[in-house]
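> Here you go, sequence then predicted model.
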Amino acid sequence: MMKKIIVFGGSGFLGSHVCDKLSDSGYDVVIFDIRKSPYLRTDQTMMIGDILNEEAVRNAVSGSQYVFNFAGIADIDEAKDLPIETIQYNVLGNTIILNACRKEKINRFIFASSVYVYSKSGGFYRVSKQACENYIEAYHEMYGLKYTILRFGTLYGPRSDKRNAVYRFVLQALTNGSISYEGNREDQREYIHTEDAAKACVDILKPEFENQHIVLTGSQVFKVRELLGMIKEIIPDEITINYKSNNKKTAHYVLTPHNYSPKLGKKFIPSLQVDLGQGLLHQVETIYRELHPEINKI
């Protein structure tokens, strides 16, 4: 009998990839989201609902062995503009799911956190993830609920949208012939392809990852100017790159999101990873096809 896994937020960018990898690995995947997944497969079940609805959440969790939570506000700038909604969906919503997991005695709860979580950067988004991690640890201490916390780095890849930085850079290059970046050209990021992140989400279901904090980032550090330079080289047109000095206080980090904290996370690096250049090439092709749907008919 296949093990049932429910993925809250499974219609989204990363969540949909995770659902596919879980299905490919033989799990019975149920997606719970506020909207129908555009990537829904015939071997997956869709449940449309709101994570603030306690009854709907518990009914969805019932019978599951593992529960993933990718739901909520995942964009730093969006969280900055929506502080109340960020508390509602990121903190309260996650706690409602946690409580359902406790009552239904699931095997393990897997939470999508962020490398920003013990940083001075990240604003309301960071604060919400901190609160969620604290609640998860408290549920483990008080009720014995097993968990794995995944602290993701800078994601990119297929199914992203304008909320994703790499997507925005490529879209600007293809539509405007220029890329604008508000920040320092020397800002550093560890980009991880969403396919690699999704595969890792299946791997961490192994027993050795129980009650662990796992860091999922790329294996190499790239400066923003290097990333934008790669996009410029991939696209044959003349691309101008503009660096705008931003004197406003920003929620994004410059060199590292990490500040001292006793709650260390173990970094997990898949044995094979998508090369950043290849990943960008695929991203350019994907967005180009979105902009020119007529070529898909050829």
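Everything's here; your move.

> Below-threshold pLDDT in the stretch 151-298 of the chain: ranges please.
245-264, 269-272, 296-298 (pLDDT under 70).

> all strands of it, in order?
If DSSP state E, counting those that start in this stretch is used as the criterion, the strands of the stretch 151-298 of the chain fall at 154-156, 178-182, 188-189, 191-193, 212-216, 222-223, 240-244, 266-267.

> now the third one, how far from the centre of its chain.
Relative to the chain's own centre, strand 188-189 is displaced by 17 Å; criterion: CA atoms, centre = their mean, to the nearest Å.

> Of the strands of the stretch 151-298 of the chain, which stretch is the most buried?
Across those, averaging neighbours per residue (mean count of other CB atoms under 10 Å) puts strand 191-193 on top, at a mean of 25. C-beta: built from backbone N, CA, C; applies to glycine.

> Now do it: everything it contacts.
152-157, 166, 216-218, 222, 227, 273-274, 276, 279 (CB atoms under 8 Å, 6 or more residues apart in numbering).

> Pick the one among those closest to residue 40.
Using CB to CB, residue 157 comes nearest to residue 40 of the contacts of strand 191-193, at 18.8 Å.

> can you pull the pLDDT of residue 138?
Confidence at residue 138, expressed as pLDDT, is 97.

> picking up where we left off before, find the pair from the contacts of strand 191-193 with maximum spatial separation.
216 and 227 (18.6 Å).

> what are the phi and psi values for residue 48?
Backbone torsions of residue 48, given as degrees, to the nearest 10, read phi -100, psi 130.

> My understanding was that it contacts residue 36; is that so?
Yes - if you go by CB atoms under 8 Å, residue 48 and residue 36 touch, sitting 6.1 Å apart.

> I'd like the strands of the stretch 151-298 of the chain laid out as JSON lines, including distance to residue 108.
Shown next, in JSON lines, are the strands of the stretch 151-298 of the chain (distance: least, CB to CB, whole Å):
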{"stretch": "strand 154-156", "distance to residue 108": "22"}
{"stretch": "strand 178-182", "distance to residue 108": "39"}
{"stretch": "strand 188-189", "distance to residue 108": "30"}
{"stretch": "strand 191-193", "distance to residue 108": "22"}
{"stretch": "strand 212-216", "distance to residue 108": "11"}
{"stretch": "strand 222-223", "distance to residue 108": "33"}
{"stretch": "strand 240-244", "distance to residue 108": "44"}
{"stretch": "strand 266-267", "distance to residue 108": "16"}
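
> what's the span of stretch 206-223 from first residue to last?
End-to-end distance for stretch 206-223: 34 Å, by CA to CA, to the nearest Å.

> any residues touching that stretch, and which ones?
Counting by CB under 8 Å, 6+ apart, 108, 113, 115, 133, 140, 146-154, 185-193, 196-197, 200, 203-204, 263-269, 273, 276 sit against stretch 206-223.

> For residue 54, which of the strands of the stretch 151-298 of the chain is the nearest?
strand 212-216 (27.1 Å).

> for residue 149, helix, strand, or coil?
Here residue 149 is recorded as strand under DSSP: H, G, I helix; E, B strand; the rest coil.

> List the contacts of residue 56.
Neighbours of residue 56 in contact, by CB under 8 Å, 6+ apart: 47, 49, 50.

> let's go with 10 Å and repeat that
32, 47, 48, 49, 50, 96, 100 (CB atoms under 10 Å, 6 or more residues apart in numbering).

> What of residue 108?
65-68, 101, 145-148, 204-205, 207, 209-211.

> returning to that earlier point: how about the strands of the stretch 151-298 of the chain, which one is nearest residue 3?
Of all the strands of the stretch 151-298 of the chain, strand 212-216 comes closest under CB to CB, at 19.8 Å.
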